[in-house]
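[1] Generate coordinates for the sequence data below:
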Amino acid sequence: MNRHILTLVFVVVATATANAAAPPQDRPDWSRHFAEAGAVGTIVVVDERASPPDTFVFDAGRAARRYSPASTFKVPHTLFALDAGVVADEFQVFKWDGVERAFPGHNQDQTLRTAMRYSTLWVYQGFAREIGQERARRYLQQLGYGNADPGAGGDYWIDGNLQISAFEQVAFLRRLYRNELPFKVEHQRLVKDLMIREAGPDWILRAKTGWEGSYGWWVGWVETANGTVFFALNIDTPGRMEDLPKRELVGRAVLGALGALQND
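    Below is the predicted model:
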């Protein structure tokens, strides 16, 4: 089967359902957003305001490469914890152990809401211990999340075996948005509520950052009156914490250029 026939088959399959995205369109013009921020990275956007949804990508090679999800994993990890009964709801309080950590927001009692907002590692380390490696592996495999490999446990989503690509991040988020993951609908709705970062009269931004040390993520979606726009970005962070604001800076520039998010 030649390349043209394969392309035609892909297009037919991709447009067979209402929410299937079209083949990715390269956006080399987005290089300016990375250059203006002094960042090197990739971004994938699926724009469901179009029918079929448009898929845009800057640096498709990098977008297909898998990286540790870092704290973006708090999104599925919260679903694991809720399903396993490790946490009851968004009101349960996790007592701070008194250990001073580098991020001030971590040095206090936590709930699911604050743990998501401040990306509080120690809360999720506790979840990982209670869930256990084998149950975590089963959850990952049920989701088809990246390579679905927690390795030997520990902080497997940061410096372990677990890896996911930007394309796979977007695919996961689109399923969560539609409550299509193999978890209770009420748990998926709660996680989406925890992800809210900003909202306006006719739009909502739900997103999560992540940082492995040498690279960082910003993933999520913008709900608008005309449809939802999903995104997954990762960039190198050679300047470490000094580079962290670049994640949202680039992401917001791209989303703003698409008219999906207003930037003041």
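[2] Please count neighbours and contacts with C-alpha atoms only from this point.
    Noted.
[3] just the helices in the stretch 1-150 of the chain please.
    3-14, 31-37, 60-64, 74-84, 112-117, 121-131, 133-143 (DSSP state H, counting those that start in this stretch).
[4] Can you give the contact residues for the fifth one?
    So that's helix 112-117. K74, D89, E90, F91, Q92, H106, T120, L121, V123, L194, M195 (C-alpha atoms under 8 Å, 6 or more residues apart in numbering).
[5] Recalculate using a threshold of 6 Å.
    E90, L194 (C-alpha atoms under 6 Å, 6 or more residues apart in numbering).
[6] quick one: average pLDDT of it?
    The average pLDDT for helix 112-117 rounds to 97.
[7] For that helix, list the C-alpha coordinates in PDB.
    Backbone C-alpha positions of helix 112-117 (Å, rounded to 0.1, in the frame of the first residue of the first chain) are rendered in PDB as follows:
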ATOM      1  CA  LEU A 112      -6.700  17.800  47.100                       C
ATOM      2  CA  ARG A 113      -7.400  21.300  45.800                       C
ATOM      3  CA  THR A 114      -4.300  22.900  47.400                       C
ATOM      4  CA  ALA A 115      -2.200  19.900  46.500                       C
ATOM      5  CA  MET A 116      -3.100  20.300  42.800                       C
ATOM      6  CA  ARG A 117      -2.700  24.100  43.000                       C
END
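[8] which residues of this structure score low on pLDDT?
    1-19, 264 (pLDDT under 70).
[9] How about the backbone phi and psi for the most centrally placed residue in it?
    Nearest to the geometric centre of the chain sits V219, at 3.7 Å (C-alpha atoms, centre = their mean). V219 adopts backbone torsions of phi -130, psi 150, taken as degrees, to the nearest 10.
[10] and if you look at G160?
    Per degrees, to the nearest 10, the backbone of G160 is at phi -110, psi -150.
[11] Can you tell me, leaving aside adjacent residues, what's nearest to it?
    Leaving aside its chain neighbours, G160 sits nearest to G151 (6.4 Å; criterion: C-alpha to C-alpha, 6 or more residues apart in numbering).
[12] got it, and A253?
    Closest to A253 by C-alpha to C-alpha, 6+ apart is H33, at 6.3 Å.
[13] Now do the one you found: how many residues are near it, please.
    Using other C-alpha atoms under 10 Å, the number of residues around H33 comes to 17.
[14] Repeat that for G251.
    25.
[15] so the residue nearest to the centre of the chain touches A232, yeah?
    Yes - using C-alpha atoms under 6 Å, V219 is in contact with A232, at 4.2 Å.
[16] sec struct for N179, please.
    coil (DSSP: H, G, I helix; E, B strand; the rest coil).
[17] Would you enumerate the residues in contact with it?
    V185.
[18] Give me the distance between it and Y118.
    Separation of N179 from Y118 (C-alpha to C-alpha, to the nearest Å) stands at 25 Å.
[19] Q142 too?
    28 Å.
[20] before we move on, what about F127?
    16 Å.
[21] repeat for F80
    19 Å.
[22] more crowded one of the two?
    Shown here are F80 and Y118; by other C-alpha under 10 Å, F80 has more neighbours (22 against 15).
[23] so what's the more buried one closest to, chain neighbours aside?
    Distances taken as C-alpha to C-alpha, 6+ apart put Y139 closest to F80, at 6.9 Å, once the chain neighbours are dropped.
[24] Then L181?
    R175 (6.0 Å).
[25] For the one you found, the count of nearby residues, please.
    Applying other C-alpha under 10 Å, I find that R175 has 14 neighbouring residues.
[26] Quick check: which element contains it?
    In the assignment (DSSP states H and E), R175 maps to helix 166-177.
[27] Give me the angle between that helix and helix 133-143.
    If you take axes from the mean of the first three to the mean of the last three C-alpha atoms, to 10 degrees, helix 166-177 sits at 90 degrees to helix 133-143.
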